[in-house]
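K.L.:
Following is a predicted model, sequence given first.
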Amino acid sequence: MNTSKPFNRVVIAGGGTAGWMMAALMSKLLGKQLDIKLVESEEIGTVGVGEATIPALLSFHNLLGINEAEFMAATNATFKLGINFEGWKNIGQDYFHSFGSTGNDHWSAGFQHFWLKGQRDGLARTYTDYNPETVAAFANRFAHVPRSGLNYAYHLDAGRYAKYLRAMSEAHGVQRIEGKIGAVLMDGPQGRDGPITALQMQDGSRIDGDLFIDCTGFRSMLLGEALGVGYEDWSYWLPCDRAVAVQTASVRDAWPYTRSIAHPFGWQWRIPLQHRVGNGLVYSSKEMSDADAPEVLKKNVEGELITQPRVIKFLPGQRDKVWHRNCIAVGLASGFVEPLESTSIHLIQRAAIRLMQTFPSGGIQQADVDEFNAQSKRELEHIRDFIVLHYHVNERTDSALWKHVREMDILPSLHHRIERFRESARVFRPSDELFAENSWVQVMMGQGITPERYHPVADLMGRDELTRFLGDIHLKVSRTVAALPGHQAYVEQLCAPYRQASVSQLAAMPARA
């Protein structure tokens, strides 16, 4: 589809995190050139459970010029140094997937090769002892450290985050329209075969546009329903198809990491914010009924319930394409993999940046559409493989779910990664992939893969030299963490100057479900 028609009227269908992230970046960069409208209804709740993020969000905030302390005060955010996977390899066996790097790499080989030699010779400590983020997480410490800083992300209140971005977007000229969409109007024969021309609202009004962003959640009202773009089902590899979420009052200081706790029916998350804890179960409807899930969740949380549990149904997979004609689907409307590695908000961020890089101001060019779709597809498939890795490599025998994912046929792309690491401790990773080599190493070793050999460069180190090499890294990590303040105290001190202003600003805006 090539068009020469100028595009300056953008309509975003749906709010929530996806809609307001798109609106915020678009209005910040191109707000003076575009007429941007966002349509949402206070009567339609948002999924609003994506409360954990990854470090890439910091670069998105830098693009928006966001003050970190102000943002954290407004969203009751805490810091996140990684994820603790509890019982994923087997019952009672945990491991930590941290942000950042572990140890020191050589240009020819990653740190894991030197560590494996140290393990063989009885010289090495636990792998995580050489990672400052992991050590700091379990010490419940955090601070912004000059030069050798910690790599971090955030836990945040998704509803407050959407409000925060809404205020920013409206300040840059975005017009919010309250109401429900009644119909999607299209050009062409019988009004079905051409581009989208407008959204017909239930109150009879009409919102015309040139480019439409579908942020209508799992329903995908524009791309899926109106334009008929198909959906690729990934439930064979990712059999969990339900989530139930609830918020509870905090009963302890917030810890700087996400907890992911495996169960026979799936897994549970615990995400600590400043004022409460986000809890949820991701489960297979074949292993547990929707009626039982809320009660199971309530028995596995701490603190008084602030909200009542609600069940969310989903189908893991992706749209056949996320940009079709003059419509781009973002967030849940474009596809979904469960939030095991906190990638949902990141995928929204990537879509927003990708659109800014290829914005069709002079009209849609098919080459841009094809590249946008190819990058989106490749990115989500890489994430899918990383999530499937957590499930596939396990030793649990307590349910049909874990037996299925262990014995299932996995995709060749993932099989190659696993076998290469098992044989040589090497990580196959495309250059444009989200997760770094250290992430794959931590999860593969954490799930129980022990490489058969390591790179020969590690053998160039004698016993004394390797002892010093490992000892110096561990000493540096220990000293860095020992100098850090407690996480809770640091967050409170950082946010204190902005607390009242943020609360007042957000209180003036309508509450959302």
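P.N.:
Arrived safely.
K.L.:
When you work out contacts or count neighbours from here on, use the C-alpha atoms and nothing else.
P.N.:
Will do.
K.L.:
got the residue ranges for the strands in the stretch 151-300 of the chain?
P.N.:
When secondary structure is read from DSSP state E, counting those that start in this stretch, the stretch 151-300 of the chain shows strands at 153-155, 175-178, 181-186, 196-201, 206-208, 211-214, 231-233, 242-249, 258-263, 266-272, 276-283.
K.L.:
got the angle between the third one and strand 196-201?
P.N.:
What it means is strand 181-186. Between the axis of strand 181-186 and that of strand 196-201 there is an angle of 160 degrees, by axes from the mean of the first three to the mean of the last three C-alpha atoms, to 10 degrees.
K.L.:
Which neighbouring elements make contact with strand 181-186?
P.N.:
Using 3 or more C-alpha pairs under 8 Å, 6 or more residues apart in numbering; DSSP states H and E as the contact criterion, the secondary-structure elements in contact with strand 181-186 are strand 196-201.
K.L.:
tell me which strands and helices the strand it packs on is in contact with?
P.N.:
Under the contact criterion of 3+ C-alpha pairs under 8 Å, 6+ apart, the helices and strands touching strand 196-201 comprise strand 181-186, strand 206-208.
K.L.:
ok, Gly448 touching Asn394?
P.N.:
Yes. At 7.5 Å, Gly448 and Asn394 qualify as touching, with contact defined as C-alpha atoms under 8 Å.
K.L.:
Who has more neighbours out of the two?
P.N.:
Asn394 (22 against 17; other C-alpha atoms under 10 Å).
K.L.:
any idea whether the more buried one is helix, strand or coil?
P.N.:
coil (DSSP: H, G, I helix; E, B strand; the rest coil).
K.L.:
Next, the contact list for it, please.
P.N.:
By C-alpha atoms under 8 Å, 6 or more residues apart in numbering, the contact set of Asn394 is Trp88, Lys89, Asn90, Trp402, Arg406, Gln447, Gly448.
K.L.:
Out of those, the closest to Gln493 would be?
P.N.:
Taking C-alpha to C-alpha as the measure, Gln493 lies nearest Trp88 of these, at 35.4 Å.
K.L.:
how about whichever strand or helix holds that closest one as CSV, C-alpha atoms only?
P.N.:
Taking DSSP states H and E as the definition, Trp88 sits inside strand 82-90. Listed next in CSV are the C-alpha coordinates belonging to strand 82-90 (Å, rounded to 0.1, in the frame of the first residue of the first chain):
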residue,chain,number,x,y,z
GLY,A,82,16.0,-8.7,38.3
ILE,A,83,13.6,-11.6,38.8
ASN,A,84,13.9,-14.4,41.3
PHE,A,85,12.6,-17.7,39.8
GLU,A,86,11.5,-19.9,42.6
GLY,A,87,10.9,-23.6,41.9
TRP,A,88,11.2,-23.3,38.1
LYS,A,89,13.9,-25.9,37.7
ASN,A,90,12.4,-28.1,40.3
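K.L.:
what does the following helix or strand past that strand contact?
P.N.:
Scanning forward in sequence from strand 82-90, with DSSP H and E defining helices and strands, the next element found is strand 93-98. Residues outside strand 93-98 that contact it (C-alpha under 8 Å, 6+ apart): 81-88, 128, 131, 133-134, 439, 442-443, 446-447.
K.L.:
Then stretch 317-328?
P.N.:
Identification of contacts with stretch 317-328 by C-alpha under 8 Å, 6+ apart yields 1, 194-196, 210-214, 222-224, 227, 229-235, 329-330, 334-337, 364, 369, 372-373, 376-377, 380.
K.L.:
Give me the distance between the two termini of it.
P.N.:
The separation between the terminal residues of stretch 317-328, taken as C-alpha to C-alpha, to the nearest Å, is 17 Å.
K.L.:
So which of the contacts of stretch 317-328 sit within helices?
P.N.:
When DSSP state H defines the helices, the subset of the contacts of stretch 317-328 inside them is Val369, Phe372, Asn373, Ser376, Lys377, Leu380.
K.L.:
Pop the domain breakdown of this protein in here.
P.N.:
Listed domain ranges for the chain are 9-51+157-235+316-382, 100-147+383-482, 242-313 (source: automatic domain parsing).
K.L.:
Quick one: mean pLDDT for the first one?
P.N.:
I take that to be domain 9-51+157-235+316-382. Per-residue pLDDT values across domain 9-51+157-235+316-382 average out to 94.
K.L.:
so how far is that domain from its chain's centroid?
P.N.:
Taking the mean C-alpha point of domain 9-51+157-235+316-382 and that of its whole chain, the gap between them comes to 17 Å (C-alpha atoms, centre = their mean, to the nearest Å).
K.L.:
end to end, how far does that domain reach?
P.N.:
Using C-alpha to C-alpha, the end-to-end distance of domain 9-51+157-235+316-382 comes to 33 Å.
K.L.:
try stretch 305-312
P.N.:
18 Å.
K.L.:
sorry, back to before: can I get the strands of the stretch 151-300 of the chain in JSON lines with mean neighbour count?
P.N.:
Converted to JSON lines, the strands of the stretch 151-300 of the chain look like this (neighbours: other C-alpha atoms under 10 Å):
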{"stretch": "strand 153-155", "mean neighbour count": "25"}
{"stretch": "strand 175-178", "mean neighbour count": "16"}
{"stretch": "strand 181-186", "mean neighbour count": "18"}
{"stretch": "strand 196-201", "mean neighbour count": "20"}
{"stretch": "strand 206-208", "mean neighbour count": "17"}
{"stretch": "strand 211-214", "mean neighbour count": "27"}
{"stretch": "strand 231-233", "mean neighbour count": "15"}
{"stretch": "strand 242-249", "mean neighbour count": "22"}
{"stretch": "strand 258-263", "mean neighbour count": "22"}
{"stretch": "strand 266-272", "mean neighbour count": "25"}
{"stretch": "strand 276-283", "mean neighbour count": "25"}
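K.L.:
Switch those strands over to CSV; also include distance to Arg350.
P.N.:
Putting these into CSV (distance: least, C-alpha to C-alpha, whole Å) gives the following:
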stretch, distance to Arg350
strand 153-155, 16
strand 175-178, 23
strand 181-186, 26
strand 196-201, 24
strand 206-208, 26
strand 211-214, 14
strand 231-233, 20
strand 242-249, 24
strand 258-263, 22
strand 266-272, 23
strand 276-283, 24
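K.L.:
can you tell me which of these comes nearest to Glu423?
P.N.:
strand 258-263 (27.6 Å).
K.L.:
need the contact list for the most centrally placed residue in the chain.
P.N.:
Most central in the chain under C-alpha atoms, centre = their mean is Thr343, positioned 1.8 Å from the mean C-alpha point. When the contact criterion is C-alpha under 8 Å, 6+ apart, the partners of Thr343 are Thr53, Ile54, Ile383.
K.L.:
Helices - which of the residues you listed land there?
P.N.:
Judged by DSSP H, the contacts of Thr343 include Ile383 as members of helices.
K.L.:
could the contacts of Thr343 be laid out in TSV, adding neighbour count and distance to Gln247?
P.N.:
Output for these, formatted as TSV (neighbours: other C-alpha atoms under 10 Å; distance: C-alpha to C-alpha, whole Å):
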residue	neighbour count	distance to Gln247
Thr53	24	18
Ile54	21	21
Ile383	18	27
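K.L.:
Dump the contacts of Thr343 to CSV, plus distance to Ala496.
P.N.:
What follows is the contacts of Thr343, written out as CSV (distance: C-alpha to C-alpha, whole Å):
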residue, distance to Ala496
Thr53, 22
Ile54, 24
Ile383, 37
